[in-house]
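*Asks:* this one's structure only:
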Ligand SMILES: Nc1nc2c(ncn2[C@@H]2O[C@H](COP(=O)(O)OP(=O)(O)OP(=O)(O)O)[C@@H](O)[C@H]2O)c(=O)[nH]1
């Protein structure tokens, strides 16, 4: 078996120190799963396993070469691979490094390596992509806290976009420190700048945090205080393997990356699903873990089972997928989902289909021997567009806004560091020269403070879209700055930036437009008499449609509600003809009048 015709090949990009180290763990595990030895040859008496073509290129000598590029500004990690046990697995052309790191500075990573490292990296991408018939899907693995993983990644994606246009789909697995005390100000700034400047280049972004994974090490692996990055990287390798398992191995139920993109991302803006895997068990504790489909499915929903600092109890799922591996039965999975629903453990927003897309692969989760983590007969991975992710964005945005408003001298030092090539935070002198240096961050106008403000607005907007639990408007995100003390405008994409310059109203939602009344002739209608504006919550009034473009949005929503993805009850509740629309308009007018009177 070599090629899965449903799957596209992947090309993994490991950028920065964390990216390279996580990459080591990933390829160690993928080699194990596909029966490839450290030398790159298939294990004797053991045919290479699965659809290896998704991840490996096999040459005429039978050597398997990973489809991947390792890129770091600091040579240390890449040199370790060059002389390490997997040195024969990779071609030297795949391992790229420079002579010094980015000093934890996004701007240096973004700018300083354009001339030497970047053209080479783009050329290597082209070389590897020519080894398959179709343009591969790029999978960026990196940390956004350092200068290389953040700044160089954006420059790399920018170059790849100009080379391959929209033919290139980019997914990412981004590691950040998390909202806990682990995160330094430098990392916060780097992460913010990365998430803002990369937003147009990636189509699916899995964000995980080191703080959540350290917690998971304590609860899952019973490593109290003894967890290291090596453990975290092995967890991430398992997570990566689970996410891509359907591309690489046959399965009873299909849920590959393409399915995730079409089922879990109902809107282009909502491309930040959370990801969680269960169970994780220490090798010394095998047998004590939950091993039924019901047990692992409820474990993956638990607050301390997440790979990012999100609490699934604080919000709703918008769409989700569950990928099972190993000895699960279809009936068992159905029972597990039913049990979740009966116990009220999962909640979906009312405009989304209220169930998970499921996949089942025959290959049980494997673990690298002596890694401390056990291979288990059964596992599940949750990928969900969940509104709780808003707290991650809001936390970052608030922290950066405070930093900017305080006129922090750290930011001047950061700019100076970018200009002088010194370590960020290393010196506060010469802030005058920093101003000029910061004027051309990543080829854009605006200094670091301006960029951070834009980034903070962007994240606040995303947080608002997620937390409102409403479908986003077609043109981008919106925000209501007054109630959250948030920014005045929200920038969704360059195209919508002009539109975002004007303050916008909060978006529309069905409940806001049509307060649910008793059902008439099979359709739940807006009860005009009972829906007097005084009874309508103020948040609904703010969300009420007030002009034609809002109505157009309402009509778009209606169209979406008619789609086959919509559940029956939602479809019935959707306005389906002109008279419904008229009712909606009348209701709006009354709500506005009443609101004005109250003011
Ligand atoms: N999960 C994980 N996180 C890591 C690892 N190494 C570093 N980090 C985290 O990544 C962030 C720093 O990013 P690095 O990758 O070390 O830095 P870089 O991207 O190489 O950037 P420069 O050092 O500035 O060149 C910090 O938040 C670290 O906690 C690792 O092996 N695994």
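*Replies:* The structure has been received and is ready for your questions. All values derive from a computational prediction rather than experimental measurement.
*Asks:* Quick check: beta-bridge partners of the residue nearest to residue 62 when sequence neighbours are not counted?
*Replies:* Spatial nearest neighbour of residue 62, excluding adjacent residues (CB to CB, 6 or more residues apart in numbering): residue 41 at 6.0 Å. Using the backbone N, CA and C atoms, a C-beta is placed for each residue, glycine as well. Here residue 41 shows beta-bridge partners residue 63, assigned using DSSP bridges.
*Asks:* dump the residue contacts of residue 41.
*Replies:* Neighbour list for residue 41: 62-64 [criterion: CB atoms under 8 Å, 6 or more residues apart in numbering].
*Asks:* Same question for residue 213.
*Replies:* By CB under 8 Å, 6+ apart, residue 213 lies in contact with 232, 235-236, 307.
*Asks:* try it again with 6 Å
*Replies:* Contact partners of residue 213, counting by CB atoms under 6 Å, 6 or more residues apart in numbering, are 232, 235, 307.
*Asks:* How about residue 392?
*Replies:* Contacts for residue 392 (CB under 6 Å, 6+ apart) come out as none.
*Asks:* Are we agreed that it is in a helix?
*Replies:* Yes. Counting by DSSP: H, G, I helix; E, B strand; the rest coil, residue 392 is located in a helix.
*Asks:* Can you name the next helix or strand after the host helix or strand of residue 218?
*Replies:* Using DSSP states H and E, residue 218 sits in helix 210-221. Scanning forward in sequence from helix 210-221 by DSSP H and E, the next helix or strand is helix 229-248.
*Asks:* Give me the distance between that next one and the centre of its chain.
*Replies:* Here helix 229-248 is found 15 Å from its chain centre; the criterion is CA atoms, centre = their mean, to the nearest Å.
*Asks:* now stretch 405-424
*Replies:* Mean-position distance between stretch 405-424 and its chain equals 29 Å (CA atoms, centre = their mean).
*Asks:* What are the buried residues along it?
*Replies:* For stretch 405-424, the neighbour count (16 or more other CB atoms under 10 Å) marks 411-420, 424 as buried.
*Asks:* Output the contacting helices and strands for the helix or strand that contains residue 296.
*Replies:* When elements are assigned from DSSP H and E, residue 296 belongs to helix 293-300. Here helix 293-300 touches strand 274-278, helix 330-342, strand 378-386, going by 3 or more CB pairs under 6 Å, 6 or more residues apart in numbering; DSSP states H and E.
*Asks:* So residue 124 is in contact with residue 68, correct?
*Replies:* No. The criterion here is CB atoms under 6 Å, and residue 124 misses it with residue 68 at 10.0 Å.
*Asks:* Neighbour count for the two, which is higher?
*Replies:* residue 68 (23 against 20; other CB atoms under 10 Å).
*Asks:* and the more buried one, what does it touch?
*Replies:* Neighbour list for residue 68: residue 12 [criterion: CB under 6 Å, 6+ apart].
*Asks:* Please tell me how far it sits from the ligand.
*Replies:* To the ligand, residue 68 is 16 Å away according to CB to the nearest ligand atom, to the nearest Å.
*Asks:* Specify the beta-bridge partners of that residue.
*Replies:* Counting by DSSP bridges, the residues bridging with residue 68 are residue 12.
*Asks:* Can you tell me how far it is from residue 41?
*Replies:* Using CB to CB, to the nearest Å, residue 68 is found at 18 Å from residue 41.
*Asks:* OK, contacts around residue 245?
*Replies:* Residues in contact with residue 245 (CB under 6 Å, 6+ apart) are 325, 361.
*Asks:* What count of nearby residues applies to the residue in the stretch 101-250 of the chain positioned nearest to the ligand?
*Replies:* Nearest residue of the stretch 101-250 of the chain to the ligand: residue 146, at 2.0 Å (CB to the nearest ligand atom). Residue 146: 31 surrounding residues under other CB under 10 Å.
*Asks:* now residue 60
*Replies:* When neighbours are defined as other CB under 10 Å, residue 60 has 5 of them.
*Asks:* got it, and residue 166?
*Replies:* By the criterion of other CB under 10 Å, residue 166 has 7 neighbours.
*Asks:* per-residue pLDDT, it?
*Replies:* Looking at residue 166, its pLDDT reads 78.
*Asks:* try residue 95
*Replies:* Looking at residue 95, its pLDDT reads 97.
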